[in-house]
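Enquirer: Need coordinates for the following:
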Amino acid sequence: MGPTTAKVTVFAPDRKMSSVVELLVDTGSTYSWIDADVLKELGIESRAAWKFRSIDGRLIERGIGDAYMECLG
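Expert: From the prediction side, this is the model:
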């Protein structure tokens with residue numbers, strides 16, 4: 001059994017543009033991780049940078065922003 005993915009539509013802040021992306025489903029995750037290039041095309045900008053500890057113990061920094069998403073209608 002392999003990883004579970006879901007197709008999700010990510011919308012621009014004005015909801016006029018969107019992009020369909022395939023994301024890994026992780027029931028233990030608090031945030032959705034979306035490729036920065038996709039977000040940039042939609043005009044979604046980071047409003048802050050937060051530090052996270054990865055599963056292998058590394059400290060990583062990622063931009064945080066707000067996005068509208070839809071899955072399964």
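Enquirer: a helix runs through L39, doesn't it?
Expert: Yes - using DSSP: H, G, I helix; E, B strand; the rest coil, the assignment for L39 is a helix.
Enquirer: Can you tell me how far it is from F52?
Expert: 17 Å (Cβ to Cβ, to the nearest Å). To be clear about C-beta, it is placed using only N, CA and C from the backbone, and glycine gets the same treatment.
Enquirer: out of the two, which sits in the busier spot?
Expert: L39 (19 against 13; other Cβ atoms under 10 Å).
Enquirer: so where do the helices sit in the chain?
Expert: 36-41 (DSSP state H).
Enquirer: quick one: the strands in it?
Expert: The residue ranges that make up the strands of the chain, judged by DSSP state E, are 5-11, 18-24, 48-53, 59-64, 68-70.
Enquirer: what are the pairing partners of the last one, and which direction each?
Expert: The reference is to strand 68-70. In the sheet, strand 68-70 lines up against strand 5-11 (antiparallel) (DSSP bridges).
Enquirer: in the partner strand, what counts as buried?
Expert: 8, 10-11 (16 or more other Cβ atoms under 10 Å).
Enquirer: right, and out of these, which lies closest to I64?
Expert: V10 (14.9 Å; Cβ to Cβ).
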